[in-house]
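Q: make a model of this:
(one chain, ligands or ions: 1)
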Amino acid sequence: MNLAAGHPNGTAAGVGRPSGDAGRPVRVRFAPSPTGHLHVGGARTALFNWLFAKHEGGAFVLRVEDTDVARSTVDSEAAVLEDLRWLGLDWDEGPDRGGPYGPYRQSERLGTYREQADRLLSSGLAYPCYCADEELEEKRRSAMEEGRDPRYDGKCRNLSVAERAACEAAGLQPVLRFRTEARDVEVRDLVRGEVRFAAAMLGDFVIMRSDGRPTYNFAVVVDDALMRISHVIRAEEHLSNTMRQVLLYEALGFDAPRFAHVSLIVDRDRSKLSKRRGATSVSEFRDAGYLPGALVNYLALLGWSPPGDRELLARGELVEAFDLERVSPAAAAFDEDKLDWVNAHHIREEPAALVARLARPFAETAGLLEEDEARFEAMVELARPRVSRLSDIPGEIDFFFDGAWDYEEEAANALGDKTSRSVVLALLERLADGEGALAAADFKGALSGVGMEEGVRGKDLYIPVRAALTGRTHGPGIGEVAELLGRERVVQRLSRALEM
Ligand code: GLU
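A: The predicted structure is shown next:
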């Protein structure tokens, strides 16, 4: 019996365009377990699903896998959702917004797992197992020690009615085990090609715990089937679960989705990505000053490459170019220098107002408070070609704030000699009498006037002025800096430099 045929068909809300091969509408999901922060690996999995859904005009579903009560927390669910939102990976259906196949939190679907488990129980494809954990553990241990197969020995597989009744009468709470067949399973993975799983890998495995909660493999199959997921795109570490899942799809009479197992992300030295080496979670990257668009761009390149080997892509370009065929089965190395390079590009290229909005908390943490949004944006505009992280911005704009900076040694030295002082003095005289706003062009005009008058050119002209206005010898265009400082401050700073 194919129960999938009895499901509501693909006209419900939230279903996408047919995927071509199986003719099913494209529906993908990201299924985080809310047991901590969203890590780069999880973020990359979410991103590939999101890109695939957007590219195919399909639906992206968010499902929270919180049946591990001991490790799942409400805070961590909220944090994962916030990180996904920050990355701009919006979902069409999910725990916070509902959808036609909800609820989208596994802890709210226990009745559904029970129902599906009962179907397997009544067809004899699952059976109650009363073995105690200690007994199973003991058997596993001695089997390993003696070099025997540690799989479940099938003790409860064929209990008689009377034996079951006796266990029940003794008050034993059974788990439910799936009755596996001794046959190999083959799966065509969209990233890894033909994958063969040997029958010997599998014993009768638990699908429902004695407390009524499903195991991961069972819940994920029930949910993916009932949520009409067409493609399961997830981390390689789940590849070995796929065999169990494929058998469960068959037993339940559901059509299996297509599978795509994405490779691991490793360190540059090919070891497991570790916290020791730096940021590993999305919130750490946010706090370190990366733009969501940059992280999305960089994560997309971990295991996927667009045609033509372009590396700097805006979100829309990623959506346009993404396909599973170009996802590589090889492990992808995380390279923070490259991420910095991608970030620098995005800081320069993304809309100025967005970059300013994201830079603001970094400035405020550094004590640089500017209420005038347009003025702050203008500062960021001058700083952004010069930084690779938002956290570098405060150090590039602090001189706009009185009292937040001091003269660097090189700048103080540059103000020490006679020529410098006469340049500064001459400029001060030209500007002090003026009134109103000081446009960049007028400032530059005044400065070249001073140059002619004093017979000073190039660095000898610019460096003392820059040093007087900003306390340093390098920085963005001095005319633009002066305009933003305003006439009054420029005059103050020129006079202050003369007093040094
Ligand atoms: N909750 C699982 C995890 O976080 C999801 C695995 C899957 O995508 O099937 O790893």
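Q: for whichever residue of the stretch 201-350 of the chain sits closest to the ligand, give me the pLDDT.
A: The nearest approach of the stretch 201-350 of the chain to the ligand comes at residue 234, 3.6 Å away (C-beta to the nearest ligand atom). For every residue, glycine as well, the C-beta is placed using N, CA and C. As predicted, residue 234 sits at a pLDDT of 98.
Q: so what does the residue in the stretch 351-500 of the chain positioned nearest to the ligand have for phi and psi?
A: Closest to the ligand within the stretch 351-500 of the chain is residue 358: 28.1 Å, counting by C-beta to the nearest ligand atom. Here is the backbone geometry of residue 358 (degrees, to the nearest 10): phi -70, psi -30.
Q: same question, residue 301
A: The phi/psi pair for residue 301 (degrees, to the nearest 10) is phi -80, psi -10.
Q: how about the contacts made by it?
A: residue 311 (C-beta atoms under 8 Å, 6 or more residues apart in numbering).
Q: which SS state does the closest residue in space to residue 414 that isn't next to it in sequence fall under?
A: The shortest distance from residue 414 to any non-neighbouring residue, by C-beta to C-beta, 6 or more residues apart in numbering, is to residue 467 (4.5 Å). When classified by DSSP: H, G, I helix; E, B strand; the rest coil, residue 467 comes out as helix.
Q: looking at residue 467 now. What's its pLDDT?
A: 98.
Q: what do you get for residue 202?
A: Confidence score, pLDDT, at residue 202: 88.
Q: what's the spacing between it and residue 186?
A: Using C-beta to C-beta, to the nearest Å, residue 202 is found at 14 Å from residue 186.
Q: just to revisit the earlier point, name the strands paired with whichever strand or helix holds the residue of the stretch 201-350 of the chain closest to the ligand and say parallel or antiparallel.
A: Here residue 234 sits within strand 231-235, counting by DSSP states H and E. Strand 231-235 has these partner strands in its sheet, going by DSSP bridges: strand 258-262 (parallel).
Q: the next helix or strand after the strand it pairs with near the ligand at all?
A: Counting by DSSP H and E, the element after strand 258-262 in chain order, helix or strand, is strand 265-266. No - under the criterion of C-beta under 6 Å from any ligand atom, the ligand is not reached by strand 265-266; the shortest gap measures 13.9 Å.
Q: contact partners of the helix or strand following strand 265-266?
A: Going down the chain from strand 265-266, the next helix or strand is helix 282-287, by DSSP H and E. Helix 282-287 has contacts (C-beta under 8 Å, 6+ apart) with 37, 38, 39, 40, 43, 79, 83, 86, 87, 279, 292, 295.
Q: buried ones among those?
A: 37, 38, 39, 40, 43, 79, 83, 86, 87, 279, 292, 295 (16 or more other C-beta atoms under 10 Å).
Q: in TSV, list these along with secondary structure.
A: Formatted as TSV, these follow (three-state DSSP):
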residue	secondary structure
37	coil
38	coil
39	strand
40	helix
43	helix
79	helix
83	helix
86	helix
87	helix
279	coil
292	helix
295	helix
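Q: low-confidence ranges in this structure?
A: Scanning the chain for pLDDT under 70 picks out 1-22, 275-277.
Q: the ligand contacts on the stretch 151-300 of the chain?
A: So the stretch 151-300 of the chain meets the ligand at 220, 234, 238 (C-beta under 6 Å from any ligand atom).
Q: tell me the contacts of the nearest residue to the last one once chain neighbours are set aside?
A: The reference is to residue 238. Take residue 238 and drop its neighbours on the chain: the residue closest to it by C-beta to C-beta, 6+ apart is residue 261, 6.7 Å away. With contact taken as C-beta under 8 Å, 6+ apart, residue 261 is in contact with 189, 191, 192, 234, 235, 236, 238, 239, 242.
Q: surely the third one and residue 328 touch.
A: What that stands for is residue 192. No - between residue 192 and residue 328 there is no contact under C-beta atoms under 8 Å: 10.2 Å.
Q: neighbour count: these two, which is higher?
A: residue 192 (17 against 13; other C-beta atoms under 10 Å).
Q: check contacts around residue 213.
A: Counted by C-beta under 8 Å, 6+ apart, residue 213 has contacts 67, 69, 110, 113.
Q: repeat the analysis, applying 7 Å as the threshold.
A: Residue 213 sits next to 67, 110 when contact means C-beta atoms under 7 Å, 6 or more residues apart in numbering.
Q: I figured residue 393 was touching residue 387, is that so?
A: Yes - counting by C-beta atoms under 7 Å, residue 393 touches residue 387, with 5.7 Å between them.
Q: pick out whichever of the two has more residues nearby.
A: residue 393 (26 against 22).
Q: next one: the more buried one from residue 327, what distance?
A: Distance from residue 393 to residue 327, by C-beta to C-beta: 35 Å.
Q: burial of residue 120, as a residue count?
A: 21.
Q: which residue, other than its chain neighbours, is closest to it?
A: Distances taken as C-beta to C-beta, 6+ apart put residue 126 closest to residue 120, at 3.8 Å, once the chain neighbours are dropped.
Q: ok, the one you found - contacts?
A: Neighbours of residue 126 in contact, by C-beta under 7 Å, 6+ apart: 117, 120, 176, 177, 178, 179, 207.
Q: what's opposite the residue of the stretch 201-350 of the chain closest to the ligand in the beta bridge?
A: Residue 234 has these beta-bridge partners by DSSP bridges: residue 261.
Q: contacting residues for it?
A: 45, 261, 262.
Q: how near is it to residue 257?
A: Taking C-beta to C-beta as the measure, residue 234 falls 11 Å from residue 257.
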